[in-house]
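*Asks:* Model the structure of this input:
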Amino acid sequence: MVLEHKWGDDRAVADHFRYVARFFKHPNYVKVDNRPVFSMYRVAAADHEGAARYHRVWDKLARDAGFGGVHFLKFQGPFEDYDHPDVDGSIEFQPGLGQALHGQELGTGWDTNVVKIDGAALTERVTLRHKGTTKEVHRGAFPSWSNHVRKGMGTRTFMYVNTTFEGFRDAIFINSNLQQDECNPSGLNIMALTAWNEWNEQAVLEPSDLYGYAALSAVRDARMMLGAPPPPTRGTVLHLMHLGGGTERYARDLMRAFTDYRHEVVRPADVAAAVRRAGRGAVVLHVHSALASAGQAALGWDVLLLIAAVRPLLHKVVLTVHDYQWLDPANPNPTQAALDGLTLSRDAMFNVSQLLTYSDTVIFPTRGVRDNYAAALGPERMAYFSTVVAPHPDYHVAYHNVRVPAVRHGICRIAFVGDFIPAKGAAAFLDLVKRSDDMAAGPCKAVQFYVFGEVNPRTEFNLDVLTKYDVIINPTDNGRYIDNKLIDLLRHHQIHILLHLSAVPETYCYALTHSINSGLPIVYTNRGAFSERLEGRGGRFFRAATDDDVYGQMQAAMATLSDAARVDVVHEPESVEPSRWYLENYPVPR
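*Replies:* Below you'll find the model as predicted:
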């Protein structure tokens, strides 16, 4: 539905002023030299007559009402004059102001009109448009934005996808600094954040199940970078953990999501002192299971004595089970067969039971991990503990266009994702590579294999196979993929199919999150979190029932490709429930 904009005659314009005058009179209303600030959404050259009428009528009525006039601003679009005669200045309308610039110049583009936000690059480009204006300019920023939903596939659309909100934070920080340097003559400094809180266009600041408080946290972080005092904290969360890997990433995600708490990573010897510093009853102790073997010599099961010593001073104890080290510290990544045959000793049964008893909440990342622990402890014993299944809150969501590359010259590019070790499926990958001469399906006549992950030269596997079949290893600047870099690498190298061939039952796998969001077909082994996370999620996921079935599923995935570029709309959040659980229960009590 389109609502026509009419400027109105003198009477309509005067009625409008009498309506807003009540707000102008509020003591907190922003004024410049006793002139209330009023912004118009859009004032183009063709709107001169209507804008001039507003300026003339409102200025007189404002003076009659005791004001010094009205300070008019307009939102600045990409094709409008900054120095419009009927306004005192403009406010950047982002990202509209940047739409006239080619997407590839604004960020890391994977399609002509689809860009990832680069706050610094966007600001630099837009700043060039300010040159020569004689009137004040107020800068803007935006969390994410897309007009694809209301324009559809057949039209020219723009989609600015922000995956970490760091670009949003940086844009606020950079623009605020620039605005202070530019010194608007009125002394007014406005930072306009494009946030309709409308999910179709994705310009959303409000908390959500998908992103948590990430957008609001970005605003807060930018303000603190600009010198604003930190907000008061609601309490302290102590993270008892080792650094590195998925465990640390999980903890850092929680720290970013719950910024109204003070977070501290502690060593076992420092826990008691940290609890006393934070104050009685205001502390949550979050224990991460990887500590079992990583700190075996220094701590081991003494973690039970540690928790018992500080438990009276704590508000809550949370345990996240990232792997199987509590069941078997010597083998944190066992095969499913090893788990099925595991029998806990009497001491181990007591220790694990005590640990779960001390914990107010035990978080399992998947149902499979909880089921394996229940099998080892016994279902009846497991029922005594307060457990929840809540996948890690990395707030992944695929709400964007995905461009599946065309198969050129009959060559299909296939990437093994993960470190090249036995646990991640190196053996199954090598078997697949040896059969590459026989691979052909659909438009694919030959294959090129890649490995995105660390390859240890001391591995037990014969790496000559990788050389013989021209496997490309880690074509990156830093030697391996990291975090959000994976999707960019896949697009840069025009990868068609991804392999997740873990030989052990994965408990979560952050790399799988990135692979899901890439939109590319995935061939995966039927083990652990892979099956649980990908089950029933559409036709681009190909499950290999056994290692011998990987070849057949690869052929099926290749048959879905095309020799023409294909753009798919991915609109499938894995689930909002995990994030909702964290927002409602961590670290506050139920």
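
*Asks:* Quick one: the strands in the stretch 351-500 of the chain, in order.
*Replies:* Listed in chain order, the strands of the stretch 351-500 of the chain (DSSP state E, counting those that start in this stretch) span residues 361-364, 387-389, 399-404, 411-417, 446-452, 472-473, 497-500.

*Asks:* can those strands go into a markdown table with extra columns for distance to residue 255, mean neighbour count and mean pLDDT?
*Replies:* The way it works is simple: take the backbone N, C-alpha and C, and place the C-beta from them, glycine included. A markdown table is the format used below for those (distance: least, Cβ to Cβ, whole Å; neighbours: other Cβ atoms under 10 Å; pLDDT from 0 to 100):
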| stretch | distance to residue 255 | mean neighbour count | mean pLDDT |
| --- | --- | --- | --- |
| strand 361-364 | 16 | 23 | 93 |
| strand 387-389 | 20 | 17 | 92 |
| strand 399-404 | 25 | 20 | 60 |
| strand 411-417 | 26 | 23 | 94 |
| strand 446-452 | 27 | 21 | 93 |
| strand 472-473 | 33 | 16 | 84 |
| strand 497-500 | 28 | 26 | 95 |
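
*Asks:* mind checking which of the ones you listed is nearest residue 216?
*Replies:* In terms of Cβ to Cβ, the element of the strands of the stretch 351-500 of the chain nearest to residue 216 is strand 399-404, at 18.8 Å.

*Asks:* Tell me which of the strands of the stretch 351-500 of the chain approaches residue 507 most closely.
*Replies:* strand 361-364 (8.3 Å).

*Asks:* starting at the chain centroid, how far to that closest one?
*Replies:* Between the mean C-alpha location of strand 361-364 and the chain-wide mean there is a distance of 23 Å, by Cα atoms, centre = their mean, to the nearest Å.

*Asks:* Send me that strand as CSV with only the CA atoms.
*Replies:* Output in CSV follows, covering the C-alpha atoms of strand 361-364 (Å, rounded to 0.1, in the frame of the first residue of the first chain):
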residue,chain,number,x,y,z
THR,A,361,22.2,-25.9,35.5
VAL,A,362,24.0,-28.4,33.2
ILE,A,363,24.0,-27.2,29.5
PHE,A,364,24.4,-29.8,26.7
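
*Asks:* Show me what it is in contact with.
*Replies:* Counting by Cβ atoms under 8 Å, 6 or more residues apart in numbering, strand 361-364 makes contact with 316-321, 356, 370, 373, 385-390, 585-586, all of which sit outside it.

*Asks:* picking up where we left off before, how about the strands of the stretch 351-500 of the chain in CSV, adding distance to residue 544?
*Replies:* Listed next are the strands of the stretch 351-500 of the chain as CSV, based on distance: least, Cβ to Cβ, whole Å:
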stretch, distance to residue 544
strand 361-364, 25
strand 387-389, 25
strand 399-404, 21
strand 411-417, 14
strand 446-452, 16
strand 472-473, 23
strand 497-500, 10
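
*Asks:* which stretch among the ones you listed comes nearest residue 62?
*Replies:* Smallest distance to residue 62 across the strands of the stretch 351-500 of the chain (Cβ to Cβ): 44.0 Å, for strand 399-404.

*Asks:* Where does residue 14 sit: helix, strand or coil?
*Replies:* Using DSSP: H, G, I helix; E, B strand; the rest coil, the three-state assignment for residue 14 comes out as helix.

*Asks:* What mean pLDDT does stretch 186-194 get?
*Replies:* Across stretch 186-194, the average pLDDT comes to 84.

*Asks:* quick one: buried residues of that stretch?
*Replies:* The neighbour-count check on stretch 186-194 (16 or more other Cβ atoms under 10 Å) flags 186, 188, 190, 191, 192, 193, 194 as buried.

*Asks:* Do me a favour and get the end-to-end distance for that stretch?
*Replies:* In stretch 186-194, first residue to last residue: 23 Å (Cα to Cα, to the nearest Å).

*Asks:* Run through who's touching that stretch.
*Replies:* 30, 32-33, 37, 71, 73, 75, 88-89, 91-95, 136, 138-143, 145, 172, 175-176, 179-180, 203, 205, 219.

*Asks:* again, but for stretch 81-89
*Replies:* Contacts to stretch 81-89, defined as Cβ under 8 Å, 6+ apart, come from residues 40, 43, 45, 48, 51-52, 54-55, 71-74, 76, 90, 129-130, 132-138, 184, 186, 188.

*Asks:* Buried ones among these?
*Replies:* Among the contacts of stretch 81-89, those classed as buried by neighbour count (16+ other Cβ under 10 Å) are 40, 43, 51, 54-55, 71-74, 76, 90, 129-130, 135-138, 184, 186, 188.

*Asks:* Let me see the domain layout of this protein.
*Replies:* Structural domains assigned to the chain are 10-225, 236-395+578-585, 399-571, following automatic domain parsing.

*Asks:* Show me which residues of stretch 502-509 are buried.
*Replies:* For stretch 502-509, a neighbour-count test (16+ other Cβ under 10 Å) marks 502, 503, 504, 505, 506, 507, 508, 509 as buried.

*Asks:* does the last one really touch residue 501, like I thought?
*Replies:* No - in terms of Cβ atoms under 8 Å, residue 509 does not count as a neighbour of residue 501; the distance is 11.7 Å.

*Asks:* on that earlier part again, closest one to residue 23 among the strands of the stretch 351-500 of the chain?
*Replies:* Using Cβ to Cβ and comparing the strands of the stretch 351-500 of the chain, the one that lies nearest residue 23 is strand 399-404, at 35.6 Å.

*Asks:* Return the set of buried residues in stretch 335-345.
*Replies:* Neighbour counts using 16+ other Cβ under 10 Å place 339, 342, 344 of stretch 335-345 among the buried residues.

*Asks:* Please provide the alpha-carbon coordinates for it, formatted as PDB.
*Replies:* What follows is stretch 335-345, C-alpha atoms only, in PDB (Å, rounded to 0.1, in the frame of the first residue of the first chain):
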ATOM      1  CA  THR A 335      34.200 -42.700  18.500                       C
ATOM      2  CA  GLN A 336      30.600 -43.600  19.000                       C
ATOM      3  CA  ALA A 337      31.600 -47.200  19.400                       C
ATOM      4  CA  ALA A 338      34.000 -46.300  22.300                       C
ATOM      5  CA  LEU A 339      31.200 -44.300  23.900                       C
ATOM      6  CA  ASP A 340      28.700 -47.200  23.500                       C
ATOM      7  CA  GLY A 341      31.200 -49.600  25.200                       C
ATOM      8  CA  LEU A 342      32.300 -47.200  27.900                       C
ATOM      9  CA  THR A 343      31.800 -48.400  31.500                       C
ATOM     10  CA  LEU A 344      32.600 -45.800  34.200                       C
ATOM     11  CA  SER A 345      34.600 -46.900  37.300                       C
END
